[in-house]
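1. only the shape, not the letters, is given here:
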């Protein structure tokens, strides 16, 4: 038997990192090393709203780390810890197999039943960063649906994953002859007598120094095209440094720099999950050194690193950049899930929201743009991708 409760005491749960992280199924963006610094940097002005599943002995068997905020005319909004600027992917209900689906379903039922509760009431549940096919979120959606909540799920982009093969030579067989030749040439450009040298961050000082250069390169590239860039916010920069430190201390940080003529020309920030998957969070290179192809040199060496460390795969996370296809990784759609409380006013607001969404879809079609993909989470299936 499970008991589902809701608490605003996120600090106590996060303090027990072994308990929390043991339910993460190896994904770094579900762990305390990511969620705790996110909460300390972005939680101000909101209320923690963590749904906890306990067994008869009082042991925590499942978690859904949400927070509640005032959405103004939209009512009381529930959202997932780790959203916003952090762009956390692979968010899910935290629980271990084989009880994940049951726990997630019961959490969904409990959320639906508490929508009108004076203490824990809510109007809209808005969760970004769900990967299509995630069993925990599929079961959560079914629980919400069975409790009378209305659901809407859409996808604007994908995450990209590439499993490792038996060895590097087998990996190269996925590419055509020309691409294999290029990848071998790029991989030969790193070494004592080669144009580039690669440096790993092993200490806090080294990691922060490389991350600072990475941020500068990333911002320069996006500022040159008139965009603010992912690291524009001081709060976000402070958050990512703290999260990186926590993963470094646990041996799960992969921060590396590519140097040319004693200058860093490319850098990468990745996290290694307990599932032995490398998650490439951010990478950048000096645009004025683009003719040296430092991004491609570093990218190929990262792929080779998977085999040096016997990792099980690489996840390039959200975004549909061309290089992810070039590395023959496979896409899975990233979903924004919206659930509306089974109450009159939220349902009326949702009807108006749906009308606005369909109007935007119509405008996209009229302008020749691809409509946003709409999915049916409760059926475990999605509508076909619209053809642009």
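-> Nice, I can see it. Keep in mind that what you see is a predicted model, and the values were worked out from it rather than measured.
2. partner strands of the longest strand seen in the chain and their direction?
-> Using DSSP state E to assign secondary structure, the strand with the most residues in the chain is strand 150-163. Under the criterion DSSP bridges, strand 150-163 sits next to strand 313-318 (antiparallel), strand 330-340 (antiparallel), strand 373-376 (antiparallel) in its sheet.
3. quick one, which of these gets closest to residue 48.
-> When those are compared for distance to residue 48 using Cβ to Cβ, the nearest one is strand 330-340, at 18.9 Å. In this view, the C-beta of every residue, glycine as well, is placed from N, C-alpha and C.
4. show me what counts as buried in the next helix or strand after the closest one.
-> Scanning forward in sequence from strand 330-340 by DSSP states H and E, the next helix or strand is helix 344-366. When neighbours are counted by 16 or more other Cβ atoms under 10 Å, the buried residues of helix 344-366 are found to be 346, 349-350, 353, 361.
5. cool, and stretch 191-209?
-> 195-196, 198, 201, 207-209.
6. going by distance to residue 70, which of the residues you listed wins?
-> Using Cβ to Cβ, the shortest approach to residue 70 within the buried residues of stretch 191-209 belongs to residue 208, at 35.5 Å.
7. where are the low-confidence patches of the stretch 251-388 of the chain?
-> With pLDDT under 70 as the threshold, the stretch 251-388 of the chain has low-confidence stretches at 380-388.
8. hmm, try it at 90
-> Low-confidence segments of the stretch 251-388 of the chain, defined by pLDDT under 90: 287-289, 377-388.
9. just the stretch 101-250 of the chain next, same as before
-> Going by pLDDT under 90, which is the cut-off in play, the stretch 101-250 of the chain has low-confidence ranges at 191-193, 221-222, 224-225, 229-230.
10. can you give me the strands for it?
-> Assignment of strands within the stretch 101-250 of the chain using DSSP state E, counting those that start in this stretch yields the ranges 124-131, 150-163, 197-200.
11. out of the ones you listed, nearest to residue 141?
-> The closest approach between residue 141 and any of these, judged by Cβ to Cβ, belongs to strand 150-163 at 5.7 Å.
12. return the set of buried residues in that closest one.
-> By 16+ other Cβ under 10 Å, the buried positions in strand 150-163 come out as 150-155, 158-162.
13. and that strand, how far from the chain's centre?
-> For strand 150-163, the distance between its averaged C-alpha position and the chain's averaged C-alpha position is 11 Å (Cα atoms, centre = their mean, to the nearest Å).
14. can you check stretch 328-342 too?
-> Relative to the mean C-alpha coordinate of its chain, stretch 328-342 is positioned 11 Å out (Cα atoms, centre = their mean).
15. and for stretch 206-214?
-> Between the centre of stretch 206-214 and the centre of its chain there are 21 Å (Cα atoms, centre = their mean).
16. now do stretch 100-108
-> Between the centre of stretch 100-108 and the centre of its host chain there is 21 Å, according to Cα atoms, centre = their mean.
17. per-domain residue ranges of the protein.
-> For the chain, the domain assignment from automatic domain parsing gives the residue ranges 3-155+334-382, 165-311.
18. those domains: which one's closest to residue 325?
-> Distances from residue 325 to each of those were compared by Cβ to Cβ, and the smallest falls on domain 165-311, at 11.5 Å.
19. quote the end-to-end distance of stretch 225-242.
-> With Cα to Cα, to the nearest Å as the measure, the first residue of stretch 225-242 is 29 Å from its last.
20. distance check, the closest residue to residue 276 other than its chain neighbours against residue 351.
-> Sequence neighbours aside, residue 312 is the residue nearest to residue 276 in space, at 4.2 Å (criterion: Cβ to Cβ, 6 or more residues apart in numbering). The span separating residue 312 from residue 351 equals 45 Å under the rule Cβ to Cβ, to the nearest Å.
21. quick check, residue 242 in contact with residue 37.
-> Yes: with the criterion set as Cβ atoms under 8 Å, residue 242 and residue 37 qualify as a contacting pair; they are 4.1 Å apart.
22. between the two, tell me which one has more neighbours.
-> Taking neighbours as other Cβ atoms under 10 Å, residue 242 and residue 37 compare with residue 37 leading, 21 against 16.
23. how about the more buried one, secondary structure?
-> When the structure is reduced to helix, strand and coil (DSSP: H, G, I helix; E, B strand; the rest coil), residue 37 reads as helix.
24. now do the contacts for it.
-> When contacts are counted by Cβ atoms under 8 Å, 6 or more residues apart in numbering, residue 37 touches 239, 242-243, 246.
25. dump those into a markdown table; add distance to residue 120 as well.
-> Conversion of those to a markdown table gives the following (distance: Cβ to Cβ, whole Å):
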| residue | distance to residue 120 |
| --- | --- |
| 239 | 27 |
| 242 | 30 |
| 243 | 29 |
| 246 | 30 |
